[in-house]
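Trainee: dropping the sequence and predicted coords here.
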Amino acid sequence: MSYNLYYYVILVNSKSMVFDPNKYIFTINVDNFESQVIAYSETTPILIDFWADWCPPCLVISPILENIIDKYQGKIALGKIEVDHDENMKLAGRYQTRGFPSILLISNGNEIDRFTGSKSQQFISTFIEDNLENF
């Protein structure tokens with residue numbers, strides 16, 4: 001069975017905000033990071049995807065991540081941070097990301113593991129499974 005994710009873009013006060021109907025995928029920014037990532041990670045592990053729209057590997061891995069998150073049905077979530085939007089690069093600096101995409105696994109407010117670059121669905125599934133064993 002295949003699922004298509006549809007995104008809705010709404011202009012609010014001249015800023016574009018993306019809302020994903022999948023409740024386990026969030027658009028994150030510097031303003032909502034604490035509530036959407038740190039607080040959320042207290043109950044559910046969350047992958048953070050630091051990405052840029054000029055980055056081809058970022059565009060390749062995005063649908064793979066979304067597909068995987070959909071399959072876990074709430075056991076793990078995905079937060080997407082577009083690093084070139086507003087002040088989001090501060091978050092990339094906070095976590096010392098060196099390249100994009102950088103994928104971090106956060107649980108209980110702490111980084112558990114990470115990887116950088118576009119990876120296969122099998123690699124990402126194994127990454128998640130290996131880390132979920134600790135929860």
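Mentor: Ah, there it is.
Trainee: what about stretch 69-83, start to end distance?
Mentor: By Cα to Cα, to the nearest Å, the extent of stretch 69-83 from end to end equals 21 Å.
Trainee: surely Cys55 is in contact with Ser102?
Mentor: No: Cys55 lies out of contact with Ser102 (Cβ atoms under 8 Å); the separation is 10.4 Å. For the C-beta atoms, the positions are set from N, CA and C on the backbone; glycine is no exception.
Trainee: higher neighbour count, those two?
Mentor: Between Cys55 and Ser102, counting by other Cβ atoms under 10 Å, Ser102 is the more crowded of the two (21 against 17).
Trainee: what residues are up against that one?
Mentor: With contacts defined as Cβ atoms under 8 Å, 6 or more residues apart in numbering, the neighbours of Ser102 are 49-50, 92, 95, 114-116.
Trainee: Phe127 belongs to a strand?
Mentor: No: counting by DSSP: H, G, I helix; E, B strand; the rest coil, Phe127 falls outside a strand, being helix.
Trainee: lovely, talk soon.
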